[in-house]
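S.K.: Return atomic coordinates for the entry below.
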Amino acid sequence: MRNAFALGVALALCAALPAAAEEKAREYPALAVGAVPFDELGKDIDGNKVTISEHHGKVVIVSFWASWCGPCRKELPILANVAKRVGPEHLKVISINFHDEQKPFRIVADALKTLPITILRDANGKAARKFDVRGVPRMIIIDRDGKVAADHTGYGEGSVEEIVEELNRVLLAGQST
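M.R.: Numbers count the residues shown, from 1 in each chain. I've put the predicted structure just below:
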């Protein structure tokens, strides 16, 4: 069932992410696989502190986005759908707004508020600096032990298969069959 789900995610991501964004991915350094990322991500739209460690035992996707980024706006509902299908006991999606003023952030956040993702606004750029964010979309996949499993910036449809395989691998790791 998960393989069919992965194919659906791959097809959706292919439609959402333009190949032109992929060239930027090679310009930016990635977090090392196996590294422990910064824990504190900021506060959600309700003012609650959000950390990676509070989701220990789950796979966590941290996605940096901006309202002016077309692929980002398409990616967020897709990630929410992935989170819904996989289930909250296995996957948490945390989306962090990057370089937006309050009004454009609020428009997107309000449109996404019913989706099963946690939305943060990085108004002062603290989280972006911690993660050395230089481009969006930026997706960091963190395994159940709180370590970086994958890091992608500016990805496009040429990376979809790899991202889906990584996410499936990380989700299935440590699961009983």
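S.K.: Mind jotting down where the helices sit in this protein?
M.R.: Along the chain, the stretches classed as helices by DSSP state H are 2-16, 22-25, 70-86, 102-112, 126-130, 160-172.
S.K.: which residues of this protein score low on pLDDT?
M.R.: Confidence mapping of the chain against pLDDT under 70 gives the ranges 1-30, 156-157, 174-177.
S.K.: show me the contacts for the most centrally placed residue in the chain.
M.R.: When the chain is reduced to its mean C-alpha position, the nearest residue by CA atoms, centre = their mean turns out to be Ser63, at 2.8 Å. Going by CB atoms under 8 Å, 6 or more residues apart in numbering, Ser63 touches 72, 75-76, 79, 93-96, 137-140. All C-beta atoms are positioned from the backbone trio N, CA, C, and that covers glycine.
S.K.: Next, format those residues as JSON lines and append distance to Arg129 and neighbour count.
M.R.: Written out in JSON lines, the entries for the contacts of Ser63 read as follows (distance: CB to CB, whole Å; neighbours: other CB atoms under 10 Å):
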{"residue": "Cys72", "distance to Arg129": "19", "neighbour count": "23"}
{"residue": "Glu75", "distance to Arg129": "22", "neighbour count": "22"}
{"residue": "Leu76", "distance to Arg129": "22", "neighbour count": "23"}
{"residue": "Leu79", "distance to Arg129": "23", "neighbour count": "23"}
{"residue": "Val93", "distance to Arg129": "22", "neighbour count": "25"}
{"residue": "Ile94", "distance to Arg129": "17", "neighbour count": "24"}
{"residue": "Ser95", "distance to Arg129": "18", "neighbour count": "27"}
{"residue": "Ile96", "distance to Arg129": "12", "neighbour count": "24"}
{"residue": "Pro137", "distance to Arg129": "18", "neighbour count": "28"}
{"residue": "Arg138", "distance to Arg129": "13", "neighbour count": "26"}
{"residue": "Met139", "distance to Arg129": "18", "neighbour count": "23"}
{"residue": "Ile140", "distance to Arg129": "14", "neighbour count": "23"}
